[in-house]
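Q: for reference, the sequence and a predicted model appear below.
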Amino acid sequence: MSTLKKYYIVVWIGFLAAMFSVGKLYAQQDPGFTHYMYNTQSVNAAYTGTTDDVKIIMLSRHQWIGFAGAPQTQIFSIHGPVDEKYIGLGLSYTRDKIGPMNMDNLALDYSFKVQVSKTGTLSFGLKTGFDKRSNNLSQLNPLQPGDRVYSSNIEGKLTFNFGAGLYYYTPNSYFGVSLPRLRRTNYNKNVADYLNENVHERHLFVIGGYVWNVSPIWKIKPSFFLKYVEGAPVSVDVNFSTMYQQTVVAGISHRFGDSFGMMMQLKVADFLWIGYAYDYTVSPIRIHSRGTHEVLMLFNIFTPKDEIIKSPRFF
């Protein structure tokens with residue numbers, strides 16, 4: 001490994017560690033997904049360009065069906081390698097709606113990869129982008145005496161943010177840690193009668209998984225996704241998936257204290273996978289919810305010619 005690459009690693013790890021220790025974290029706000037293992041770019045920029053081809057991901061999540069004002073999230077992202085060995089670039093758009101609150105995010109992702117062992121690669125990622133926030137809390141109708149009444153709204157407020165991440169992977173495993181937002185954004189400035197309703201906190205994400213090739217036609221993959229923000233319970237997702245003949249994936253998942261889920265993906269063409277996931281809520285909100293639906297479309301384009309003889313990496 002060259003001296004320049006070693007210096008880059010040391011500086012980046014120091015920078016990321018320093019960012020993890022800055023400030024306080026309070027409440028979980030960033031959206032979560034059942035298909036987190038296929039949507040890694042949205043939470044960790046270091047995943048960008050770590051595959052051989054260019055990937056386009058479209059995902060739509062409708063949470064707690066039947067619950068008024070339930071979260072809805074849509075994502076479009078594209079990423080791929082610019083330089084086969086070192087550089088990856090990506091672009092993503094996320095729209096998140098919860099009740100009267102809307103958040104749009106447009107982000108550019110950049111990664112730099114370093115091979116640290118015979119089979120292992122460490123990727124460093126940067127995420128830069130803009131948030132557009134609208135909160136129409138004055139439309140809420142208080143039900144209980146003493147509930148707050150809002151006389152003002154936030155309409156299309158634009159703010160800048162940036163994040164960082166690390167992602168280590170081999171042909172059969174991966175592990176990543178990231179802070180997609182390093183700035184704690186306060187949307188309350190110059191807005192009357194708001195306290196902390198419009199503060200977007202920093203979130204820490206940890207993700208990992210391992211693939212076993214149990215036979216020429218079967219693969220199995222356990223994985224996990226941890227989300228942390230100070231002042232809120234740690235959220236942990238675990239998943240166990242199987243792949244059959246590189247064309248069908250089926251799995252079960254569990255978000256501790258919240259839900260159980262099942263998921264399936266099908267390869268319908270050489271360039272296209274489609275997926276569906278359903279979560280059954282086990283928290284007290286289940287009384288008002290008919291579960292959560294999530295639909296995924298994954299396009300693989302500009303695939304290298306020799307990719308057709310390779311085995312899919314399954315993450």
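A: Done, it's in. Numbers count the residues shown, from 1 in each chain.
Q: ok, what's across the strand from residue 225?
A: residue 207, residue 237 (DSSP bridges).
Q: ok, residue 125 touching residue 164?
A: Yes. Contact criterion CB atoms under 8 Å: residue 125 and residue 164 qualify, at 6.6 Å. (C-beta placed from N, C-alpha, C; glycine too.)
Q: quick check: neighbours shared by those two?
A: Residues touching both residue 125 and residue 164 (CB atoms under 8 Å, 6 or more residues apart in numbering) are 45, 178.
Q: quick one, which of the two is more surrounded?
A: Higher neighbour count among residue 125 and residue 164: residue 125, with 29 against 22, using other CB atoms under 10 Å.
Q: contacting residues for that one?
A: Residues in contact with residue 125 (CB under 8 Å, 6+ apart) are 44-48, 109-112, 164-167, 178.
Q: switch to 10 Å and redo it
A: By CB atoms under 10 Å, 6 or more residues apart in numbering, the contact list for residue 125 reads 12, 16, 41, 44-50, 88, 90, 109-113, 163-167, 176, 178, 180.
Q: then residue 33?
A: With CB under 10 Å, 6+ apart, residue 33 has these contacts: 39, 42-43, 59, 61, 63, 73, 75, 225, 237, 277, 292, 294, 296.
Q: any chance of the residues you listed in a markdown table, with pLDDT too?
A: Listed next are those as a markdown table, based on pLDDT from 0 to 100:
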| residue | pLDDT |
| --- | --- |
| 39 | 87 |
| 42 | 90 |
| 43 | 90 |
| 59 | 96 |
| 61 | 94 |
| 63 | 88 |
| 73 | 93 |
| 75 | 95 |
| 225 | 95 |
| 237 | 94 |
| 277 | 96 |
| 292 | 92 |
| 294 | 96 |
| 296 | 96 |
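Q: just put these in JSON lines and tack on secondary structure, neighbour count and distance to residue 104.
A: Below are the contacts of residue 33 laid out as JSON lines (DSSP: H, G, I helix; E, B strand; the rest coil; neighbours: other CB atoms under 10 Å; distance: CB to CB, whole Å):
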{"residue": "39", "secondary structure": "coil", "neighbour count": "22", "distance to residue 104": "17"}
{"residue": "42", "secondary structure": "helix", "neighbour count": "26", "distance to residue 104": "14"}
{"residue": "43", "secondary structure": "coil", "neighbour count": "25", "distance to residue 104": "17"}
{"residue": "59", "secondary structure": "strand", "neighbour count": "23", "distance to residue 104": "15"}
{"residue": "61", "secondary structure": "strand", "neighbour count": "23", "distance to residue 104": "15"}
{"residue": "63", "secondary structure": "coil", "neighbour count": "23", "distance to residue 104": "18"}
{"residue": "73", "secondary structure": "strand", "neighbour count": "21", "distance to residue 104": "11"}
{"residue": "75", "secondary structure": "strand", "neighbour count": "22", "distance to residue 104": "11"}
{"residue": "225", "secondary structure": "strand", "neighbour count": "25", "distance to residue 104": "23"}
{"residue": "237", "secondary structure": "strand", "neighbour count": "22", "distance to residue 104": "25"}
{"residue": "277", "secondary structure": "strand", "neighbour count": "22", "distance to residue 104": "23"}
{"residue": "292", "secondary structure": "strand", "neighbour count": "24", "distance to residue 104": "21"}
{"residue": "294", "secondary structure": "strand", "neighbour count": "21", "distance to residue 104": "20"}
{"residue": "296", "secondary structure": "strand", "neighbour count": "22", "distance to residue 104": "20"}
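Q: for the residues you listed, name the two members farthest from one another.
A: 43 and 292 (18.1 Å; CB to CB).
Q: ok, back up a step: tell me the one among the contacts of residue 33 nearest to residue 263.
A: Closest to residue 263, out of all of those and judged by CB to CB, is residue 277, at 3.9 Å.
Q: any idea what the closest one is bridged to?
A: Beta bridges link residue 277 to residue 263, residue 294 when assigned by DSSP bridges.
Q: do I have it right that it meets residue 255?
A: No. Residue 277 lies out of contact with residue 255 (CB atoms under 10 Å); the separation is 11.5 Å.
Q: joint contacts of these two?
A: Common contacts of residue 277 and residue 255 (CB under 10 Å, 6+ apart): 34, 239, 261, 292.
Q: which of the residues you listed scores worst on pLDDT?
A: Least confident of the shared contacts of residue 277 and residue 255 in the model: residue 34, at 88.
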